[in-house]
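Asks: Only the shape, not the letters, is given here:
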């Protein structure tokens, strides 16, 4: 049985609005974005470059639906009978990374779903007994469960950071559910066995927070200073992104989730073998450790000013056996590519749909 969103009347309302009126102003109105339509009159920048700063203030009221072990909080725009796009965020970010991407896609004719991961925003575990597990397969399973709950058989899946890894896994393990893929920084599926091998000192330095989180001091420090930590990561991962306090504070609210610290700490400890996963995911993790080739059509993106650890595109091109394109987005674009260059990200989703 398919779980229906708690706000079904809003879906009907959106459908009537989309069918009755056309253009960017519709997507803007559904999000409560008065400034969006006027921003479209600005002169576009050349392809492959970043756009001007974000123009939209907030999402419309979020929806909530039971999916798997979670009650998932998510934003949605677009008619339910349109092709689905699922946009997945990273750490330490949230759904607002897609505040400008989502209406661009909705205006192009897509149903756009932007969920909070477990441990973020309004997403909650349905049971207090469920393990607060942040391993990679768990987040991918959450995405499939959400698709099932929303009645989405197949979707374009796109993301960056944790979201890119999760999108990669969905494409690799459930290709029948993934029409196409957009992944920032490419192929990010991990292997705990491979992670045992040390990296050169400069590369290890870039992962300083992973080692910090491996200690109980790090857990306590993140609990106490989660917003300060997030701001530091934003600054170092996107050194040329001049975000303001309002932009940061809007996303930082997502870290007040009661399970946030537990999920983040487990995610990084699990990666380097310091925390166990769940047997439920063992078979999937075994397949992922073999670095499965992704066969669905894919576009990978990279910002020219990404200050976070990320692989060289040449190192993962062979992991995509379907139609594939890699694109470097210039103009000082950092790690949070969809928020820093929303048009480039949206254009990639629309383009890959035609592959």
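Replies: Perfect, I can see it now. Note that the structure is a prediction, hence the values are computed from the model and not measured.

Asks: can you pull out the helices in the stretch 51-200 of the chain?
Replies: 101-107, 136-150, 162-173 (DSSP state H, counting those that start in this stretch).

Asks: Point out the other helices and strands that the second one packs with.
Replies: With contacts defined as 3 or more C-beta pairs under 8 Å, 6 or more residues apart in numbering; DSSP states H and E, the packing partners of helix 136-150 are strand 63-67, strand 70-77, strand 84-88, strand 111-115, helix 162-173, helix 282-289. (C-beta placed from N, C-alpha, C; glycine too.)

Asks: so which of the ones you listed gets nearest residue 351?
Replies: For those, proximity to residue 351 was assessed by C-beta to C-beta; strand 84-88 is nearest, at 12.6 Å.

Asks: That closest one - what's its average pLDDT?
Replies: Averaged over strand 84-88, pLDDT sits at 99.

Asks: that older thread, would you format the helices and strands packed on helix 136-150 as CSV with distance to residue 153 included?
Replies: Converted to CSV, these look like this (distance: least, C-beta to C-beta, whole Å):
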stretch, distance to residue 153
strand 63-67, 15
strand 70-77, 17
strand 84-88, 9
strand 111-115, 12
helix 162-173, 13
helix 282-289, 20
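
Asks: Dump those into CSV; add distance to residue 318 and mean neighbour count as well.
Replies: Shown next, in CSV, are the helices and strands packed on helix 136-150 (distance: least, C-beta to C-beta, whole Å; neighbours: other C-beta atoms under 10 Å):
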stretch, distance to residue 318, mean neighbour count
strand 63-67, 34, 19
strand 70-77, 34, 23
strand 84-88, 24, 27
strand 111-115, 30, 27
helix 162-173, 14, 26
helix 282-289, 17, 16
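
Asks: Residue 122 is nearest to which of these?
Replies: Nearest of the helices and strands packed on helix 136-150 to residue 122, taken as C-beta to C-beta: strand 70-77 at 3.0 Å.

Asks: The helices of the stretch 51-200 of the chain: which one's closest to residue 322?
Replies: helix 162-173 (9.3 Å).

Asks: Give me the residues contacting the closest one.
Replies: Residues from elsewhere that reach helix 162-173 (C-beta atoms under 8 Å, 6 or more residues apart in numbering): 86-91, 117, 136-137, 139-140, 143-144, 157-159, 177-178, 181-190, 267, 284, 287-288, 292-296, 298.

Asks: between that helix and strand 111-115, how big is the angle?
Replies: Between the axes of helix 162-173 and strand 111-115, defined by axes from the mean of the first three to the mean of the last three C-alpha atoms, to 10 degrees, the angle is 120 degrees.

Asks: in the stretch 1-150 of the chain, which ranges drop under the pLDDT threshold?
Replies: Where the stretch 1-150 of the chain drops to pLDDT under 70, the residues are 1-55.

Asks: before we move on, the earlier item: please convert the buried members of the contacts of helix 162-173 into PyMOL selection syntax.
Replies: Buried residues among the contacts of helix 162-173 (16 or more other C-beta atoms under 10 Å), as a PyMOL selection:
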select buried, resi 86+87+88+89+90+91+117+136+137+139+140+143+144+157+158+159+177+178+181+182+183+184+185+186+187+188+189+190+267+284+288+292+294+296+298
